[in-house]
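[1] Predicted structure and sequence below. I'll ask about it afterward.
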Amino acid sequence: MTKEKSGGGKFFLGALIGGAVGAVAGLLTAPKSGKETRADIKKKADDTKKAADKKIKQGKKAAKSWKDNLFTRGKDDGEEKPATPKK
């Protein structure tokens, strides 16, 4: 029997893209000068970059923790080796 994947990842990606498109459309149609609009876009881009950097840092930390945990479980006689999955 096979497990069906949930569409949660696809939904999240679609919501993210839709939100970005909506934000850009809102900025471009706002009654502001070009200088103000460019400043708004730069601020949004900077905020998005900071948020992405934070998520990347969290992901790297989680991956390192996971890797360290795997090697700790697989230690035998002082030699590091990956843990074998249980069946």
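    That came through, no problem.
[2] which SS state does residue 32 fall under?
    Classification of residue 32 using DSSP: H, G, I helix; E, B strand; the rest coil returns coil.
[3] Neighbours of it, how many?
    Counted with other Cβ atoms under 10 Å, residues neighbouring residue 32 total 13. C-beta: built from backbone N, CA, C; applies to glycine.
[4] My understanding was that it contacts residue 26; is that so?
    No - in this structure residue 32 lies outside contact range of residue 26 using Cβ atoms under 8 Å: 10.9 Å.
[5] Report pLDDT for the spatially most central residue of the chain.
    Nearest residue to the geometric centre of the chain (Cα atoms, centre = their mean): residue 55, 5.3 Å. Note on residue 55: pLDDT of 89.
[6] One more: residue 16?
    So, for residue 16, pLDDT stands at 81.
[7] What strand or helix carries the residue nearest to the centre of the chain?
    Assigning secondary structure by DSSP states H and E places residue 55 in helix 34-73.
[8] So for stretch 31-46, mean pLDDT?
    86.
[9] Return the distance of that stretch from the chain's centre.
    25 Å (Cα atoms, centre = their mean, to the nearest Å).
[10] same check, this time on stretch 49-58
    Worked out by Cα atoms, centre = their mean, stretch 49-58 lies 7 Å from the chain centre.
[11] Stretch 21-37 now?
    26 Å.
[12] end-to-end on it?
    End-to-end distance of stretch 21-37: 15 Å, with Cα to Cα, to the nearest Å as the criterion.
[13] Spatially nearest residue to residue 28, not counting backbone neighbours?
    Spatially, and ignoring its direct neighbours in sequence, residue 28 is nearest to residue 37 (7.1 Å; Cβ to Cβ, 6 or more residues apart in numbering).
[14] what's the burial count for the one you found?
    Quick note: residue 37 (other Cβ under 10 Å) scores 15 neighbours.
[15] And the one 5 residues further on, by the same measure?
    Here the count is done by other Cβ under 10 Å, and residue 42 has 10 residues near it.
[16] And for residue 44?
    14.
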